[in-house]
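Enquirer: sequence and predicted model, in that order:
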Amino acid sequence: MSALPERIESDARAGTLTLYWPDGRVEELPHALLRTACPCSECRAIRRNGGEVVAPAHVRLTGIEPVGQNALNLTFDDGHRRGIYPFALLADVKTTPAR
C-alpha cells in the first residue's frame with residue numbers, strides 16, 4: 001500500500017471519513033474512532049497514564065487540513081483540533097491508537 005490516499009471524503013451525516021488507497025482498499029473510519037485515536041500530546045498522555053480518550057458517537061469532523069504531504073490535521077465539533085494524523089496512522093487506526 002502506498003502511504004498516501006488517492007482521495008479523502010468526509011460524510012458528516014454518517015460520521016465517517018473515507019480514505020481511498022491506490023491499491024484499491026477503502027477505509028471507512030468513524031469520526032468518533034478518529035477522535036478517540038487522537039495522536040496529540042494531551043491524548044497520548046491520557047493513554048500513557050492508563051486512561052482512555054472517550055468521544056461520544058455523535059462527535060463530527062468540522063475541518064480537515066493537510067499537514068505537509070503525509071498527514072492531516074483534524075478538527076472536531078467538540079473543540080479538539082490539535083491532532084495531526086499521519087497517513088500511516090490512518091491506515092492502521094482501527095487496530096492501533098496512537099500511544
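Expert: Yes, it's here. Because the structure is a prediction, the values reported are computed rather than measured. Numbering: from 1, shown residues only.
Enquirer: host element of residue 62?
Expert: In this assignment (DSSP states H and E), residue 62 forms part of strand 61-67.
Enquirer: what about the residue most central in space within the chain, distance to residue 6?
Expert: For the chain, the residue nearest the mean C-alpha position is residue 34 (3.7 Å; C-alpha atoms, centre = their mean). With distances taken as C-beta to C-beta, to the nearest Å, residue 34 is found 19 Å from residue 6. Quick note: C-beta positions are derived from backbone N, CA and C, even for glycine.
Enquirer: and what of residue 26?
Expert: In terms of C-beta to C-beta, residue 26 sits 10 Å off from residue 6.
Enquirer: quickly list what's touching both of these two.
Expert: Shared contacts of residue 26 and residue 6 (C-beta atoms under 8 Å, 6 or more residues apart in numbering): residue 20.
Enquirer: what is whichever helix in the chain runs longest packed up against?
Expert: Across the chain, the longest stretch assigned as helix under DSSP state H is helix 41-48. Packing contacts for helix 41-48, counted by 3 or more C-beta pairs under 8 Å, 6 or more residues apart in numbering; DSSP states H and E, involve no helix or strand.
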